[in-house]
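Engineer: Following is a predicted model, sequence given first.
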Amino acid sequence: MQIVIVDSSRVVLQIITSLIEPRGHAVHAFTDSEQALQFLAATPAVRVLITSLEVRPLCGLELCWSARLLAESRGPLHVITMSSARNVRSLAEALDSGADDFIEKPPSAEELNARLRAAERLTTLQEELIRLAETDPLTGSYNRRAFFNRARIAVEQHRTPPAISAILLDIDHFKRINDEHGHDVGDVAIKAVAETISGEGIAGRLGGEEFAVILPGCSLLRAVAHAEYLRIGVQALKIRGTKGPVGLSCSFGVSTWRDGDSIEALVKRADIALYAAKGSGRNRVVPDRGEGARAVAG
């Protein structure tokens, strides 16, 4: 595991590092609690924070609280506080501030490594629960809830130009595929489209045969070009059907961020553009009409 240790004493940091590094853990030691917090924010792979309560400039309780807030968006983080003064008040304050565990300083090697093993079990379980809660079981893409949660985080990070754009896409004549070839082939089609758009910004399955992609830092023109690239990629797909190869196509709607927007409004405008793409012949890319761009047809 990757572990961050924070203490005002370099000697204490060296002692604790020497206790856990031989067990194969990667240790990042800090005497400055603000620098440690910045590192946590930039390094989602860190799974354990061990901090003394007596640190600066953020005190240990403030660091616990700030780290716990970070964990809501960065993934599981187990927080262990240390103090040379073990008392009920210190323990209660640490737990109330977001800590998961409390140990005396300096800890014994046996106790510390046992607590780290427990932390590894808990964070592994949390990661699996998060994966199950966020993942569409058929495609492995983000499900609707996770997609919107990730999109909101992206919006907070890209509110200023070049802002953020959305692409919505829908498999054309999907009911016909199900009716003619069966739902198993329909599932294969859905998975093939999901794989085509995977890795493209924040991609998710909104439901049925409808998908969405959020492109942080992407202008409308670039998003339209990207949607056209995806349209061509889907059109090149061939899946095995009950009556021979089945060709696929998708219709696309594209929108970009406006002042005062919300992620729901952004996606809604892309959805309206998608509806226009399907109504004007399918297998084409249509930008939000308010953006002043024209359709790109296949």
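Structural biologist: Sure thing, it's come through.

Engineer: pretty sure Gly260 is in a strand, no?
Structural biologist: No - read with DSSP: H, G, I helix; E, B strand; the rest coil, Gly260 is coil and lies in no strand.

Engineer: For it, give its distance to Leu266.
Structural biologist: Distance, Gly260 to Leu266, by CB to CB, to the nearest Å: 11 Å. C-beta here means a position set from N, CA and C on the backbone, and glycine is covered the same way.

Engineer: what's the answer for Ala29, then?
Structural biologist: Taking CB to CB as the measure, Ala29 falls 42 Å from Leu266.

Engineer: do Lys175 as well
Structural biologist: Lys175 is 28 Å from Leu266, by CB to CB.

Engineer: From the neighbour counts alone, determine which of these two ranks first.
Structural biologist: Using other CB atoms under 10 Å, the more surrounded residue of Lys175 and Leu266 is Leu266, with 22 against 11.

Engineer: which strands and helices sit next to the strand or helix carrying Ile3?
Structural biologist: Using DSSP states H and E, Ile3 sits within strand 2-6. Where contact means 3 or more CB pairs under 8 Å, 6 or more residues apart in numbering; DSSP states H and E, strand 2-6 is packed against helix 10-20, strand 26-30, helix 33-42, strand 46-52.

Engineer: closest one to Ala203 among the ones you listed?
Structural biologist: Nearest to Ala203 among the helices and strands packed on strand 2-6 is helix 33-42 (23.5 Å), distances taken as CB to CB.

Engineer: Counting neighbours, which bits of that closest one end up buried?
Structural biologist: Buried residues in helix 33-42, defined by neighbour count with 16 or more other CB atoms under 10 Å: 33-34, 36-37, 39-40.

Engineer: residue nearest the centroid of the protein?
Structural biologist: Central residue of the chain (CA atoms, centre = their mean): Arg150, 5.3 Å from the mean position.

Engineer: how close does that one sit to Tyr142?
Structural biologist: According to CB to CB, Arg150 and Tyr142 sit 6 Å apart.

Engineer: Quick check: neighbours shared by the two?
Structural biologist: 202, 204 (CB atoms under 8 Å, 6 or more residues apart in numbering).

Engineer: so what's the residue nearest to the centre of the chain closest to, chain neighbours aside?
Structural biologist: Ile202 (4.8 Å; CB to CB, 6 or more residues apart in numbering).

Engineer: Would you tell me which helix is longest in this protein?
Structural biologist: Longest helix in the chain, counting residues (DSSP state H): helix 109-134.

Engineer: so what does it touch, helix or strand wise?
Structural biologist: Judged by 3+ CB pairs under 8 Å, 6+ apart, the packing partners of helix 109-134 are helix 10-20, strand 46-52, strand 78-83, strand 101-104, helix 144-157.

Engineer: how far out from the middle of the chain is the shortest one?
Structural biologist: The chain centroid and the centroid of strand 101-104 are separated by 31 Å, computed with CA atoms, centre = their mean, to the nearest Å.

Engineer: swap in the longest one?
Structural biologist: On the basis of CA atoms, centre = their mean, helix 144-157 is displaced by 8 Å from the centre of the chain it belongs to.

Engineer: Are there helices or strands packed against the next helix or strand after it, and which ones?
Structural biologist: Downstream of helix 144-157, the first helix or strand assigned by DSSP H and E is strand 164-171. Helices and strands touching strand 164-171, by 3+ CB pairs under 8 Å, 6+ apart, are helix 144-157, helix 183-197, strand 210-216, helix 220-235, strand 250-256, helix 263-279.
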